[in-house]
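Colleague: Next one to model:
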Amino acid sequence: MIRAIFFDFDGVLTTDKTGSVTTIRYLSEKTGIDQNAMWEAFAPFNDDLLYGRTSHSEIWPAICRHLGKEIDIGLLSCAFESTPMNEDMLELAKSLKRTCAIGIITDNKKDRIDFLKLHAGLDALFSPIVVSAECGSGKDGPDIFLRALEYVDMAPHEAIFIDNSKRNLLAAAALGMQTIYFDDSRNDVQGLVAALHSEHGVGSTRAA
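Modeller: Numbers count the residues shown, from 1 in each chain. This next block holds a predicted model:
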């Protein structure tokens, strides 16, 4: 019996494939700096941000030096706030919460998810929210999944993990978790509802 469902964040609960896409797009639009230049400025720090070895506030002076422009770090919060949430998926999560524990497992930056916990109401719907930057490991290994399972006190076979990257499902599946690939380019939430019902006996064939 499935007792917990864990969602990836970007590309599943949002309509952008990654959080970097959201952040870079917003900062480029507001500063007039080309997106490619913005990507080049952030790229050397991405892994350290994802695994909690640094923060946006620590790297911001280096970002500004690379771009040759002083940028108000307050724009970052606005960039986080611009995250396009997948409202149909959130409605599905709300309906599933009636019978299952509902959580998030995400490779993400700590300050971004902390902001969205409050401003997008993630804390009110999802528990736990397990972030790579807080546990120092990502979805390419078992630790982040084990932490989520420990929080809900469930065995791997009692949980489903949903992600928009097949690669990110491998470590979860190796632990014995059920996994579902969600194609973010199609965003077929109703198809996911049907798969949860037919393949895992979870929910109904219609989203709430």
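
Colleague: Strands along this protein, start to end?
Modeller: Ranges of strands within the chain are 4-7, 101-106, 129-131, 159-163, 178-181, based on DSSP state E.

Colleague: Name every strand pairing with the fourth one and say which way it goes.
Modeller: Read that as strand 159-163. Note on strand 159-163: by DSSP bridges, its sheet partners are strand 4-7 (parallel), strand 178-181 (parallel).

Colleague: Deepest in the core, which of those is it.
Modeller: strand 4-7 (a mean of 25; mean count of other Cβ atoms under 10 Å). In this view, the C-beta of every residue, glycine as well, is placed from N, C-alpha and C.

Colleague: could the strands of the chain be laid out in TSV, adding distance to residue 27 and mean pLDDT?
Modeller: Conversion of the strands of the chain to TSV gives the following (distance: least, Cβ to Cβ, whole Å; pLDDT from 0 to 100):
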stretch	distance to residue 27	mean pLDDT
strand 4-7	26	98
strand 101-106	21	98
strand 129-131	21	98
strand 159-163	26	98
strand 178-181	30	98
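
Colleague: one step back: just tell me which of the strands paired with strand 159-163 ends up closest to residue 146.
Modeller: strand 4-7 (12.0 Å; Cβ to Cβ).

Colleague: now what about that closest one, what contacts it?
Modeller: Strand 4-7 has contacts (Cβ atoms under 8 Å, 6 or more residues apart in numbering) with 13, 89, 93, 96, 100-105, 126, 130, 145, 148-149, 152, 154, 158-162, 196, 202.

Colleague: again, only using 6 Å
Modeller: 13, 96, 100-105, 148, 152, 154, 159-162 (Cβ atoms under 6 Å, 6 or more residues apart in numbering).
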